[in-house]
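Trainee: Fold the stuff below for me.
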Amino acid sequence: MTGFDAKFLGTDAGAPVLTESGAADAVEVNGTTTIDYTHFSLAMSKSRKFASWVAWNIDGGDLKALSRNGIPFVKDPRVPAGFQTGDELYRDNRLDRGHVARRADLCWGPKDEAQRANRDSFFFTNITPQMDDFNQSTKEGLWGRLEDAVLADVDVDDLKVSVYGGPVFNADDRLFRGVALPREFYKAIAFVVDGELRCSAFLLTQNLVLTEALDLDEFRVFQVSLTEVEKRTSFTFPAELHAADTASVQLLDESERAPLDSLSDIRW
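Mentor: Numbers count the residues shown, from 1 in each chain. This is a model prediction of the structure:
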């Protein structure tokens, strides 16, 4: 398994680095907290039983249209089962098993490699709980279309993109079946234009209402700085990405920040 390639864009974009507390909470596999799959890598939180970060590469010029039929969601045998959240959370409710690294993003390269990436995307280490129709519900699919949007709207060198994403772990996340459900997610998209590295970061907030049934009363998507993502997570982005951050102004007061209404609001 080749894993995430930090130099995939032709320049070193780097990989997330866990903080001291993040590293202490991370699962180790073969002596490292970075777990590799085909075209993506991740770090798992022992306490939350989800990935703290996932990083993946997309070759937009070599994507393969592969079926998901017959591929089961399974726990990664390399990671202790007790540090993964499986089907016990998702049965008989409105929670979907949501891919962090999108399945379609990973299916590129030679056919056998693309098929391996397709299967790897279904490990529960790459899954987080999302309300049904999650991507479709976020401003008409804005969250789920970010990667497609940068490839469509920006003259990206070689049609190559690297993405960093995952859930935000808040202390007051609500419990369901003994699992704290993340209500925020982040995504940072790195790409090169005319030889210049750029990175745009986003935050999704979802207001989970847990009564007798799971419900969700609001999705919002914001463009944010990498620094703000770091304040909410247990890792840091490399200096190269900070230098490439396209967020023009860091708003410390969240009340001043307007959610994105459409893809056209994004500053790439």
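
Trainee: tell me the contacts of the closest residue to residue 48 other than its chain neighbours?
Mentor: Spatially, and ignoring its direct neighbours in sequence, residue 48 is nearest to residue 169 (5.2 Å; C-beta to C-beta, 6 or more residues apart in numbering). For glycine as for every other residue, the C-beta is placed from the backbone atoms N, C-alpha and C. If a contact means C-beta atoms under 8 Å, 6 or more residues apart in numbering, then residue 169 has 45, 48, 50, 52, 180, 182, 233-234 as its contacts.

Trainee: Chain neighbours aside, what residue packs nearest to residue 15?
Mentor: Residue 15 sits nearest to residue 6 (C-beta to C-beta, 6+ apart), 5.0 Å away.

Trainee: burial of the one you found, as a residue count?
Mentor: Around residue 6 there are 18 other residues, counting by other C-beta atoms under 10 Å.

Trainee: for residue 17, same thing?
Mentor: Residues lying near residue 17 (other C-beta under 10 Å) number 15.

Trainee: For it, list the residues it contacts.
Mentor: Going by C-beta under 8 Å, 6+ apart, residue 17 touches 235-236, 238.

Trainee: Go again with 7 Å.
Mentor: If you count contacts by C-beta atoms under 7 Å, 6 or more residues apart in numbering, residue 17 has them with 235-236.

Trainee: Distance of it relative to residue 174?
Mentor: Distance, residue 17 to residue 174, using C-beta to C-beta, to the nearest Å: 29 Å.

Trainee: And residue 67, by the same measure?
Mentor: Going from residue 67 to residue 174 by C-beta to C-beta gives 35 Å.

Trainee: Neighbour count for these two, which is higher?
Mentor: The neighbour count for residue 67 versus residue 174, taken as other C-beta under 10 Å, is higher for residue 174 (14 against 9).

Trainee: hang on, that one packs against residue 181?
Mentor: Yes. Between residue 174 and residue 181 there is a contact under C-beta atoms under 7 Å: 5.9 Å.

Trainee: Local confidence estimate at residue 261?
Mentor: Looking at residue 261, its pLDDT stands at 84.

Trainee: Just the element for it, please.
Mentor: If you go by DSSP states H and E, residue 261 is not part of any helix or strand.

Trainee: tell me, how many neighbours does it end up with?
Mentor: Neighbourhood size, residue 261 [other C-beta under 10 Å]: 11.

Trainee: for it, phi and psi?
Mentor: The phi and psi values for residue 261, taken as degrees, to the nearest 10, are phi -100, psi -30.

Trainee: distance of it from residue 107?
Mentor: According to C-beta to C-beta, residue 261 stands 30 Å off from residue 107.

Trainee: Same check on residue 178?
Mentor: For residue 178, the distance to residue 107 - C-beta to C-beta - is 34 Å.

Trainee: hang on, the earlier thing: closest to residue 71 out of the contacts of residue 169?
Mentor: Distance to residue 71 across the contacts of residue 169 (C-beta to C-beta) is lowest for residue 50, with 20.1 Å.
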